[in-house]
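Enquirer: Sharing a sequence plus its predicted fold:
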Amino acid sequence: MKGQLLTAILASALVAPLASAADADAIAKGKEIAWHRQKGNCLTCHMVEGAEMPGNVGPPLVAMKARYPNKADLRAQIWDPTARNPMTSMPPFGKNHILSEEELDLVVEYVHSL
Amino acid sequence: MKHGLKSLALVALIGSSTAFAGGHGKSAAALIEEATAGYKQVSKETTYQWTTTVKVIKAAQKALDGGNEAEAKKLAQQALDLVEATRQQAQVESQNWKMRVPK
Amino acid sequence: MKKIIRNVAFGLVGLSVSAASVAGPEEDRQAFRKFYENRFPQVQPIGDFQNGVYSILPAAREQWESIEEFPPYELAIEEGEKIFNKTFANGKSLKDCFGEDGAVREQYPHWNKERGMVMTMELAINECLEANGEKPLKYKKGAMAAVSAYMAYNSRGQVINVEIPSDDPRALAAYEDGKEHFYTKRGQLNFACADCHMHTSGMNYRSETVSPAFGHPTNWPVYRAKWQEMGTLHRRFAGCHDNIRANPFKAQGEEYRNLEYFISYMSNGLEFNGPAARK
């Protein structure tokens, strides 16, 4: 587990500077959706660097690559967090069509970059 | 309402499938009818209703009235997805709510 | 399973009540109260939960208490008093239904066996008006909130004591209906009342701390800064539903009356202290 995390962190550190302009664009678009109150509205519950008065219902969005080495797992969590935990108060952004699949992809790019 | 009836009649006349919709099968008008009926049925059967669904159905009708068949179809399909998601929510929650009761 | 059978057997033998008493409303209520006691041990005495979110937010409490010194609902109480004392066309008034000062808050909500439904104070106000040939009031704000504020004010200090009569299974069914509503996720955003006001109560959604449900029904109607006016409990229910993108139910319809019945029963023992000021 530890090894996996370490690899993930190392890998992300190596990959990050090489991120293409397209990636940066997706991340910027994803941020816009994530911060939008009618869309992702992530800051209502999650601390994100640079956010003013974020909520604290969910965990801070930091070290996401370490927490989700596999981007698909992060996507699945945002798509329907109730699949893993029916008690969660986090909305199922994909399952309930709060975000479109394309919007969700962009949000995943952004959140994974945090 | 009048418009709805007219579309219904039209759909009935032409028959269900590819007449004016092309690839996707049903026309926007038919999809809107379907979404509206589904919405009403789910809310009647389960008391679950999403405000979003109403808004999207209205937007679809507006697009259709404005002559934008493609946009109307896209929105009507979205409304159908919302209806289905509402139905699933009602189904899942008919059991899951019990987990939240403190023991 | 074995335990359940044993409990049922015990219920049948030991008590003359049905098996429902195994996990009945009283057990629910104790578990509910215990949940908030454990979550907010700093709230002492327990009666302080009647002050809503301010019972758990000492920092905001001071400001709130200074607001309550010159309460924004004062005008509503005065307006409500006028309406309450106003003579109907038939010579009667609301006094004929609710007594000289209308201090009847503790009688609501209650189960009405004859009609097989939960009666709330606002519903009773309108029924009194209509029975005397007067026009009913709109349920969410305005004159209704004013009369309700006047009656609540004169009832301050009365204790919530909702009963679920055991001789009418429909009363238990109404309670169960309200209970299921409270714990059920709804709306596109998939929230249950319990998600915010129980399992994440005290946490912050942006800068707003979410209030505990224990104590929710004590202080209505409310002057809410966000509304810039008075509103009733059912107005707030509808607002919450709208927030989670669920279609609100009708004010004073069966769904909201049953929900009021449930949450009021859960807060049994707390004092009515409405009207109140809230953010």
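Expert: Thanks, I have it.
Enquirer: which bits of chain C sit near chain A?
Expert: C:188-191, C:195-196, C:199-200, C:203-207 (C-beta under 8 Å from any C-beta of the partner chain). To be clear about C-beta, it is placed using only N, CA and C from the backbone, and glycine gets the same treatment.
Enquirer: Counting only strands, which of those make the cut?
Expert: Mapping those onto strands (DSSP state E) picks out C:204, C:205.
Enquirer: ok, and the most crowded of the residues of chain C next to chain A?
Expert: With neighbours taken as other C-beta atoms under 10 Å in any protein chain shown, the top of the residues of chain C next to chain A is residue C:190, carrying 28 neighbours.
Enquirer: So which residue is dead centre in chain C?
Expert: The residue lying closest to the centre of chain C (C-alpha atoms, centre = their mean) is residue C:217, at 3.0 Å.
Enquirer: what are the phi and psi angles of the nearest residue to residue B:64 once chain neighbours are set aside?
Expert: Excluding its sequence neighbours, the residue lying closest to residue B:64 (C-beta to C-beta, 6 or more residues apart in numbering or on different chains) is residue B:72, at 3.8 Å. With angles defined as degrees, to the nearest 10, residue B:72 sits at phi -60, psi -40.
Enquirer: For chain A, give me the ranges with low pLDDT.
Expert: For chain A, the stretches with pLDDT under 70 are A:1-19.
Enquirer: residues from it in reach of chain C?
Expert: A:43-45, A:53-57, A:82, A:87, A:89, A:91-92, A:96-98.
Enquirer: If we check chain B, which of those residues are in contact?
Expert: Among the residues of chain A next to chain C, proximity to chain B is found for A:82, A:87, A:96, A:97 (C-beta under 8 Å from any C-beta).
Enquirer: and the residue nearest to residue B:64, how many neighbours?
Expert: By other C-beta under 10 Å, neighbour count at residue B:72 equals 23.
Enquirer: OK, now which residue of chain B is nearest to chain C?
Expert: Chain C sits closest to residue B:49 of chain B, with a gap of 3.6 Å, by C-beta to the nearest C-beta.
Enquirer: can you give me the strands in chain A?
Expert: Here chain A has no strands by DSSP E.
Enquirer: if we can go back for a sec, give the PyMOL command for selecting the buried subset of the ones next to chain B among the residues of chain A next to chain C.
Expert: Buried residues within those, by 16 or more other C-beta atoms under 10 Å in any protein chain shown, are selected in PyMOL with:
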select buried, chain A and resi 82+96+97
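Enquirer: Give me the contacts around stretch C:236-248.
Expert: B:43, B:48-52, B:54, C:140, C:186-191, C:193, C:220, C:222, C:224, C:231, C:249, C:251, C:256, C:259 (C-beta atoms under 8 Å, 6 or more residues apart in numbering or on different chains).
Enquirer: Restricted to strands, list those residues.
Expert: Among the contacts of stretch C:236-248, the ones falling in strands (DSSP E) are C:222, C:224, C:231.
Enquirer: which among the residues you listed gets closest to chain A?
Expert: residue C:224 (19.7 Å).
Enquirer: Next up, the contacts around the closest one.
Expert: Contacts of residue C:224 (C-beta under 8 Å, 6+ apart): C:230, C:231, C:236, C:277, C:278, C:279.
Enquirer: One more pass at 6 Å, please.
Expert: By C-beta atoms under 6 Å, 6 or more residues apart in numbering or on different chains, the residues touching residue C:224 are C:231, C:278.
Enquirer: again, but for residue C:118
Expert: C:109, C:174, C:257, C:258, C:261.
Enquirer: Which one of those is nearest to chain B?
Expert: Using C-beta to the nearest C-beta, residue C:258 is the member of the contacts of residue C:118 that lies nearest chain B, at 11.5 Å.
Enquirer: Please look at the closest one and residue C:172 and confirm they touch.
Expert: No: applying C-beta atoms under 6 Å, one finds residue C:258 not in contact with residue C:172, separated by 11.2 Å.
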